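> sharing a model prediction with you, sequence too.
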Amino acid sequence: YDALGFPTAQGYFYPTVTGTMLYDDNVFASQLAPSDDLVMHLRPAFTFQSQRNTLSYVASGYGDFVHYLGHESLSNSNTGASLGVIQEIGRDWEIESQSGAKYDHQDPSSFASPVPNTSIARLPAYTILSEQLSATRRVDRLSLSFGGGYQREDYQNVVIGGVLIKESDLNANAFSTTTRLGYAVTPLTRVFVEGEYLRRDYDDGVLNSNTYTTVFGTDFEFRRLTRGTVFAGIRQRQYDSALIGSLAAPTFGINLEWFPTRLLTFTAVGREDFADTPITTPTGGSAVVDIKTMQLEGDYEILRQLIGTAVAGFETDTYSLTNRADKTLSLGLSLTYMLNRNLRLIAQYRITERQSSLAGF
């Protein structure tokens, strides 16, 4: 039931449009004053995939038009685009480019703020521009990759509970370099070690930092039933400001698929990373949040055209130099009915609970 797309001389064109009606009984994730709303999304999108050749590319784009029926001032429009290009040079060299641009608005329940969430008048917008370049050299079972990237991030300020949250303090340029050494144990299994250096320069200079990450992992496929990527290592972020200092934490990444039967599929996705916030700490610096997420999903083909899905997610957010730590648990069930290759209907129910060690959150 995958869409066939429209063939062209250069490749395949896949246009889509998704309409969503979402009822949320606590749209601002507020503990003290829950407020519900009905949110309408209209999302046209496209993907163009070229023919596989020495030069291959994938271009995609989308628009997302969002309307809040109960809080009309939150209504917004978003857009984004990406372009991925792979150039093969002979049998041993490969150069890859990944470009992206996004203009979006934050979800009303997603703010990392010093005050509890409450009703807001508008959603702040943000933009992200990114470019990643990498070159890979393969010799027999060995591969060596070098990469570099740039990302620009801009955020709008927002008022929550009468308090101005200066998210513009997070406007930054990010520069990264990556080196990966891989070894093919079998044609389907490769082990690797990877090191990354990330420099973040903020417009106001307060949160400038260097991040060093080293991980060991594997890309594998076992008996055609289990495949994916797993890695683990250490991540350390050092700030230019002595008021913030440095943080170090074990890091990991998981992206697995398991096919125990022809009708049942399990997936597991998880990761760890640091994120900067506009929250001021008692030392006068800014809190850094250590984010760990894990999500498990099971998909079962009830009928040939009917897929049932169960999802469980868990996230921990630990804020440095504060006594705040949040835990978020989410559970969801959905049914997907595929009428044909071009039309599908989805119904979903999800419950999310956040528990915070800080009073009011």
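Received the coordinates, thanks. Numbering: from 1, shown residues only.
> give the contact list for Thr277.
In this structure, Thr277 makes contact with Ala112, Leu170, Ser286, Ala287, Val288, Val289, Tyr319, judged by Cβ atoms under 8 Å, 6 or more residues apart in numbering. In short, each C-beta sits where N, CA and C put it, glycine included.
> try it again with 7 Å
By Cβ atoms under 7 Å, 6 or more residues apart in numbering, Thr277 lies in contact with Ala112, Ser286, Ala287, Val289.
> which residues does Trp93 bridge with?
Counting by DSSP bridges, Trp93 is bridged to Ile89, Arg137.
> again, but for Arg190
Per DSSP bridges, the residues bridged to Arg190 are Ala184, Asp219.
> what's the neighbour count on it?
Using other Cβ atoms under 10 Å, Arg190 is surrounded by 18 other residues.
> now do it, the pLDDT please.
We have a pLDDT of 96 for Arg190.
> OK, contacts around it?
Residues near Arg190 by Cβ under 7 Å, 6+ apart: Gly182, Tyr183, Ala184, Thr218, Asp219.
> separation between it and Gly182?
5 Å (Cβ to Cβ, to the nearest Å).
> could you say which helix or strand holds the residue sitting nearest the centre point of the chain?
What sits nearest the mean C-alpha location of the chain, by Cα atoms, centre = their mean, is Arg271, with 9.9 Å. Using DSSP states H and E, Arg271 sits in strand 264-280.
> what's the first helix or strand after that strand?
Heading C-terminal from strand 264-280 (DSSP H and E), you reach strand 286-303.
> please name the bridge partners of Leu333.
Beta-bridge partners recorded for Leu333 (DSSP bridges): Ala310, Tyr349.
> per-residue pLDDT, it?
For Leu333, the pLDDT comes out at 98.
> again, but for the one 4 residues further on
Listed pLDDT for Tyr337 reads 97.
> equivalent analysis for Gly161, please.
We have a pLDDT of 83 for Gly161.
> ok, back up a step: buried subset of the contacts of Arg190?
Buried subset of the contacts of Arg190 (neighbour count, 16 or more other Cβ atoms under 10 Å): Gly182, Ala184, Asp219.
> and of those, the nearest to Tyr12?
Closest to Tyr12 out of the buried ones among the contacts of Arg190 is Asp219 (25.9 Å), distances taken as Cβ to Cβ.
> and which of the buried ones among the contacts of Arg190 is nearest Thr79?
Proximity of the buried ones among the contacts of Arg190 to Thr79 (Cβ to Cβ) peaks at Asp219, which lies at 32.5 Å.
> my read: that closest one touches Thr229, true?
Yes. Counting by Cβ atoms under 7 Å, Thr229 is a contact partner of Asp219 at 5.0 Å.
> assumed Ser168 was part of a helix.
Yes. The assignment for Ser168, made by DSSP: H, G, I helix; E, B strand; the rest coil, places it in a helix.
> pull out the buried positions in the helix or strand Leu181 falls within.
Leu181 is located in strand 172-186, with elements delineated by DSSP H and E. Using 16+ other Cβ under 10 Å as the test for burial, strand 172-186 gives Ala172, Ala174, Ser176, Thr178, Arg180, Gly182, Ala184.
> likewise stretch 241-261?
Applying a neighbour-count criterion of 16+ other Cβ under 10 Å, one finds Ile244, Leu247, Thr251, Phe252, Gly253, Ile254, Leu256 buried in stretch 241-261.
> correct me, but the fifth one touches Arg235?
Pointing back at Gly253 there. No. Using Cβ under 7 Å as the test, Gly253 is too far from Arg235 to be in contact (10.8 Å).
> and Phe28, how many neighbours?
Counted with other Cβ under 10 Å, residues neighbouring Phe28 total 23.
> list the helices and strands the host helix or strand of Gly84 packs on?
Assigned by DSSP H and E, Gly84 belongs to strand 76-89. Judged by 3 or more Cβ pairs under 7 Å, 6 or more residues apart in numbering; DSSP states H and E, strand 76-89 is in contact with strand 55-68, strand 93-105.
> which strand residues bridge Arg199?
Phe175, Asn210.
> I'd assumed Ala172 was in contact with it.
No. Applying Cβ under 7 Å as the test, Arg199 and Ala172 come out as separate, 10.0 Å apart.
> so what sits against both of the two?
Here Arg199 and Ala172 share no contacting residue, scored by Cβ under 7 Å, 6+ apart.
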